[in-house]
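Visitor: Next comes the sequence, and after it the predicted model I'd like to discuss.
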Amino acid sequence: MKSRLFASAALAAAASALAGAAHAAEAAATADAASVQELVVYGRGEARQVQTITQQEIQSVAPGSSPIKMVEKLPGVNFQSADAFGAYEWSTRISIRGFNQNQLGFTLDGVPLGDMSYGNFNGLHISRAIISEDLERVDLAQGSGSLETASTSNLGGTLKFFSRDPSHEAGATVAGTYGSDSTHRIYVRAETGDLPFGGRAYASFVDQKADKWKGVGEQKQRQWDFKVVQPLGDFTLTGFYDGSRRRENDYQDMSKGMIARLGYDWDNISGDYALAVRVADIAHNRGDTGAPPTNPAAGTVYPAPFQTVDDAYFNAAGLRDDDLFALTLEGPVLEQVSIKATAYHHKNDGQGVWFSPYVPSPNAYTAGATSDNAPLSVRTTEYTIDRDGAFGVATVDLGAHQLRFAGWYENNDFDQARRFYGLDRAANNRDSLKFMRNPFATQWAYTFRTETLQGSIEDQWTVNDALKVNFGFKAVRVINDSHTVTGAPVIEGKIESKDTFLPQVGATWRIGDQELFATYTENMRAFGAAHTGISPFATTQAGFNAIRGTLKPETSKTGEVGWRFRQGPVQGVVAAYYVKFDDRLIGTSAGAGIVGNPTILANAGGVTSKGFEAAATWTISDEWSLFGSYAYNDSQYDDDVLDSTGAVAQAISGKTVVDTPKHLLNAQVNYRHDGWFANLSAHYTAKRFYTFTNDQSVPSYTVVDATVGYRFDGEGWTKGLEIQVNATNLLDKNFVSTVGSNGFGYSGDNQTLLPGAPRQVFATIRKSF
């Protein structure tokens, strides 16, 4: 309701401000404001399906939006999030051509970000890796990334994020955003310009905070970026440090049955601790949790509208602290040889917090106790990441042949633990957005070490002015090592993912303004090293011993062909692909997600994915342009899941891969004239399944977003001033956004859905000096 009330007020205020700005429009210089710059670049010269989101498009979205959300308009991209910014990590999901998030590759200025899954063991989410305003561009390769990409998860597509370089001119930018649900955001960037010793640098800072759009809670983050570029003779030294401190309260995971019974606005009961205590008492009294009764006087009947203890919890949260450093040296070493080498370090501390009614606090059964005596406790999954790495590429220019030799090494120490913290019955004594201290129990704690080594060789052969051919291969070896610190199950041992020949062959043929391309790529996804998720260590010692000699890493073989075209004011791309995916691993677990039951791994055999993609931009005039994209995808499991005897355990052959819509459609109209700019976009997502047998699905939906703003020109206090208003889900559509928040099951309804945010409106004032 707050967002709906604010929407009309903000739009009215923006209209008034923008109307006043119209008087200055006549004085604005039209040379650069009238032209519509490219918002999407179609990857000419690439043998793969590649598009780039430019800085202009990045700046048009609501400030604070996740950089990963910015590619949702591109063909083949299925992006979902339960918040307007696409930054709420528990809900954020991206899949491309039937490959889900942990089967894609992600880098920032070449630095690996891991698979960006929630609580991942080898990286961090891009929303924490850089402030969105400090991005220069985002490159998406739908089918396969370049051979030198530092990723061991990119079976499918690859997203490469690039930070902006410091300006040659000294200056500053200040921006403030206010909007729905008390959203406020302050961004500041200071530029040194060219310094006496030839270098240049910038430092930026952002503070963002918003209430949840439903229920009680906050989602907030502070970030800082620093980047420096320093010439050293013929070489250039570039360094960056990006820091983030993120705190976010979670929304309640829902099932289709819960949505029908309780509505889209149902959430956790974070504002009513007494009710949470009462529900936990009743659950214990009924025997629903496996714990003995804690307060027989509470009875055994849940208060309406509760029907189960899992309908709502008191609270949940995600806490992440990250520091990311990188230093890059590049330049020529010989007339025909150049190098680029990067060293990096990443440190992370995190906790996933759940106030659990399944485990009472330690004094819940002690008569007269006044502390740690609640019928519920706080359950955490705790993470620390400490990883160091280096990667580099040497390029040898031999005229018609350009050889590239690349290498990457990383050592990653990952600690993971499951702990419980006591709560008082009388009142909540723990802040969900602060790191928990002094646990009363540690269920398990593990240390994992992952060593990654990758190398590649590639030759790009310019046969003639029209034809280019590239061919090469990479070799990958990843060793995961587990050690049990305390608790059960005890898991000790190593497992290796290795392939010494993963080829990539491609070609481009240019005919005037037209370009044909084709490529074939093989890839492998290394095993993960964690006790949660889809990992060989998410089991017992006996289970690990049974699979480590026979379990195979997931592999893919991708072929794609396409046509890039430019005909007058229209340019775009059409592509078709065929993917064979072997040894697909799927994971399921019994019971509610909050219980934390072990994941049961199964090899689903093969998956075949085939499809068609198209995107185009029509520059109608200097003021108007249209963008559209469409993708069709058919991804199916090729095999049934078998048990240890070879009998069919789950019949999924021929079923559609979970969270893979068959149709994705995007349309956007852009306007730019005399300082004014605006766009209106619509995004359609077809039906998606959230069980492997396809007996449960969520319906299709269409969401409309809008942006309108004005950039002042001329001299005086208005120089560099800009006003912008963003509206997300403009038509206030009810829909299910995220599926699989608690994983996927074989059949039946499950609490693994998150509704999308209602209409949200944000107004931004930005000033550059």
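Guide: Okay, I see it. Numbers count the residues shown, from 1 in each chain.
Visitor: Tell me who's in contact with Val206.
Guide: Gly64, Ile131, Glu133, Arg185, Ile186, Tyr187, Val188, Gln221, Arg222, Gln223, Trp224 (CB atoms under 8 Å, 6 or more residues apart in numbering). Where you see a C-beta, it was placed from the backbone N, CA and C, and this is true even at glycine.
Visitor: what about 6 Å?
Guide: Ile131, Tyr187, Gln223 (CB atoms under 6 Å, 6 or more residues apart in numbering).
Visitor: same check, this time on Ile652
Guide: Tyr637, Asp640, Phe692, Thr693.
Visitor: at 7 Å what do you get?
Guide: With contact set as CB atoms under 7 Å, 6 or more residues apart in numbering, Ile652 has these partners: Ala604, Tyr637, Asp640, Val641, Phe692, Thr693.
Visitor: Regarding the closest residue to the second one other than its chain neighbours, what is its secondary structure?
Guide: Think Tyr637. Take Tyr637 and drop its neighbours on the chain: the residue closest to it by CB to CB, 6 or more residues apart in numbering is Ile652, 4.7 Å away. Here Ile652 is coil, with the state taken from DSSP: H, G, I helix; E, B strand; the rest coil.
Visitor: ok, the contacts of Ile652 vs Asp272, which is closest?
Guide: Phe692 (36.8 Å; CB to CB).
Visitor: Can you get me a residue count around that closest one?
Guide: 24 (other CB atoms under 10 Å).
Visitor: which ones are touching it?
Guide: Listed by CB under 7 Å, 6+ apart, the contact set of Phe692 reads Ile586, Gln650, Ile652, Lys655, Val658, Phe744, Tyr746.
Visitor: In CSV, list these along with distance to Glu522.
Guide: Below are the contacts of Phe692 laid out as CSV (distance: CB to CB, whole Å):
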residue, distance to Glu522
Ile586, 22
Gln650, 28
Ile652, 25
Lys655, 25
Val658, 24
Phe744, 26
Tyr746, 30
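Visitor: quick one: Ile547 and Asp583, what's the gap?
Guide: As judged by CB to CB, to the nearest Å, Ile547 and Asp583 stand 12 Å apart.
Visitor: May I see the buried residues of stretch 503-517?
Guide: For stretch 503-517, burial by neighbour count (16 or more other CB atoms under 10 Å) applies to Gln504, Val505, Gly506, Ala507, Thr508, Trp509, Arg510, Glu515, Leu516, Phe517.
Visitor: Could the C-alpha coordinates of that stretch be exported in CSV?
Guide: Below are the C-alpha coordinates for stretch 503-517, written out as CSV (Å, rounded to 0.1, in the frame of the first residue of the first chain):
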residue,chain,number,x,y,z
PRO,A,503,37.8,-26.9,-27.9
GLN,A,504,36.2,-23.8,-29.3
VAL,A,505,36.0,-23.2,-33.1
GLY,A,506,34.3,-20.3,-34.8
ALA,A,507,34.1,-18.2,-37.9
THR,A,508,32.7,-14.9,-39.1
TRP,A,509,32.0,-13.9,-42.7
ARG,A,510,31.2,-10.3,-43.5
ILE,A,511,29.2,-9.4,-46.6
GLY,A,512,28.9,-5.6,-46.7
ASP,A,513,26.8,-4.6,-43.6
GLN,A,514,25.8,-8.2,-43.0
GLU,A,515,27.7,-10.8,-41.0
LEU,A,516,27.3,-14.5,-40.6
PHE,A,517,28.8,-16.3,-37.7
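Visitor: Quick one: residues in contact with it.
Guide: Contact partners of stretch 503-517, identified using CB under 7 Å, 6+ apart, comprise 44-48, 144, 147, 466-473, 518-522, 562-566.
Visitor: what are the ranges of the helices in this structure?
Guide: 2-25, 55-60, 126-129, 256-262, 273-286, 541-547 (DSSP state H).
Visitor: In terms of mean pLDDT, which of the ones you listed ranks lowest?
Guide: Comparing mean pLDDT across these, the lowest value falls on helix 2-25: a mean of 39.
Visitor: where are the low-confidence patches of this structure?
Guide: Residues of the chain that meet the criterion pLDDT under 70 lie in 1-39, 590.
Visitor: now with 80?
Guide: Across the chain, the ranges flagged by pLDDT under 80 are 1-39, 144, 587-591, 596-603, 644, 714.
Visitor: any chance of the contacts of Ile652 in JSON lines, plus distance to Thr54?
Guide: As requested, the contacts of Ile652 are exported to JSON lines (distance: CB to CB, whole Å):
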{"residue": "Ala604", "distance to Thr54": "39"}
{"residue": "Tyr637", "distance to Thr54": "38"}
{"residue": "Asp640", "distance to Thr54": "46"}
{"residue": "Val641", "distance to Thr54": "44"}
{"residue": "Phe692", "distance to Thr54": "39"}
{"residue": "Thr693", "distance to Thr54": "42"}
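Visitor: which of the residues you listed tops the neighbour count?
Guide: Tyr637 (26 neighbours).
Visitor: any idea how far Gln142 is from that residue?
Guide: Taken as CB to CB, the span from Tyr637 to Gln142 is 21 Å.
Visitor: next one: Lys498
Guide: 27 Å.
Visitor: So for the two, which residue has more residues nearby?
Guide: Neighbours were counted for Lys498 and for Gln142 using other CB under 10 Å; Gln142 has more, 30 against 13.
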